[in-house]
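A.B. asks: I would like to see how this sequence folds:
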Amino acid sequence: MEVLNETSSRFTLIGLSTNPWLQPLYFIIFLIMYIVTVTGNLLIIAVVRTEPKLQTPMYFFLSNLSLIDLCFSSTIVPKLLMSTLTEDKTISFWGCATQMYFHLALGGTECIILAIMAYDRYVAICHPLHYNTIMNLQRCSLLSVGTWSLNFLNSIYYAYSTFQLPFCRSKNVNHYFCEMPPLFRLSCTETLINEIAVYISGGIVGLCSFVLTLLSYVHIILTVLRIQSSTGRQKAFSTCVSHLSVVSLYYGAIIFMYLRPRGSYSVDRDRSVAILYTVVTPMFNPIIYSIRNKEVKQSVRKMISGRSHFTMLTFHH
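C.D. replies: Down below sits the predicted model:
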């Protein structure tokens, strides 16, 4: 059997479907979703960076989340679109390794950023008098830099160990991008150690982030329920609804994909779940935050109307 672990070798991504009639439909759908993702997340980043009233920790981490979603989607969707359009589904050894590395690094970064955002809301609602002291600019910058650095360094090991495996069962990756579970199934050696490492990493990064998020919201809910004014309760809850929606969608898909028994692998189901956190969530995050958040909505309108006014003036001159 041919062992596929040479840098000159290529994998073949099976894609979303082998049905040729569905390819144009998939291309149109995912192109529209990708355009919405890029536009929405770039708009959030631009608004947060340029609007003075959004220079707060909450929006600083929201811009981090938008950058992650932008990069996360761009790691996978352009290759998917190209494969669907040209019918060339091959990907180089290094291309596959790079795609998986960034997918892991950005996924872990998103988990921790979502947990930090939950903690930020906890401090704002449960300890408002100490908020500026606890969530100061220096601490927020350190948390951001530390989170990105930790996950990008951590993912080197998982990408390296996965691509040290001898891939001799097949060159066909039964997925639309390079992810660990389908790659493990191409190896002709036992991958139990690699899978245990995934569980450990998932437990440390994913579950710890999820538990911190959950604890933050338990304290938030208990604090909000003690507020006498119904208007005050509604205002406090409204600042958390967007984040809770994003957290539920993202963590649900990630936990299902990575933290489950070995024997529960299903190609079609796993592909559908992967679409949730690689394509759908990055697209919906800016939409959810824009719709639910008045300050973001007002800032976006102000930016768009300002640009429109500037364009009209330039055109007339």
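
A.B. asks: In stretch 140-156, which of the residues would be classed as buried?
C.D. replies: C140, L143, S144, T147, W148, N151, F152, N154, S155 (16 or more other CB atoms under 10 Å). In this view, the C-beta of every residue, glycine as well, is placed from N, C-alpha and C.

A.B. asks: Could you identify the most distant pair in those residues?
C.D. replies: C140 and S155 (23.1 Å; CB to CB).

A.B. asks: Which of the buried residues of stretch 140-156 fall within helices?
C.D. replies: Residues of the buried residues of stretch 140-156 located in helices (DSSP state H): C140, L143, S144, T147, W148, N151, F152, N154, S155.

A.B. asks: Surely the third one touches L65?
C.D. replies: No. With the criterion set as CB atoms under 8 Å, S144 and L65 do not qualify as a contacting pair; they are 10.6 Å apart.

A.B. asks: Centre-most residue in this structure?
C.D. replies: In the chain, the residue lying closest to the centroid (CA atoms, centre = their mean) is D69, at 4.8 Å.

A.B. asks: Just give the number of residues close to V198.
C.D. replies: 20 (other CB atoms under 10 Å).

A.B. asks: if I've got this straight, it is in a helix?
C.D. replies: Yes. V198: assigned to a helix according to DSSP: H, G, I helix; E, B strand; the rest coil.

A.B. asks: Which of the ones in helices among the buried residues of stretch 140-156 sits closest to I116?
C.D. replies: After measuring those against I116 - CB to CB - the closest member comes out as L143, at 5.7 Å.

A.B. asks: my guess is that closest one meets A115, correct?
C.D. replies: No. L143 is not in contact with A115 according to CB under 8 Å; the separation is 10.1 Å.

A.B. asks: Pipe the ones in helices among the buried residues of stretch 140-156 into TSV and attach pLDDT and distance to F284 per row.
C.D. replies: Listed next are those as TSV, based on pLDDT from 0 to 100; distance: CB to CB, whole Å:
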residue	pLDDT	distance to F284
C140	94	25
L143	95	24
S144	96	22
T147	95	22
W148	96	22
N151	93	22
F152	95	25
N154	89	27
S155	92	24
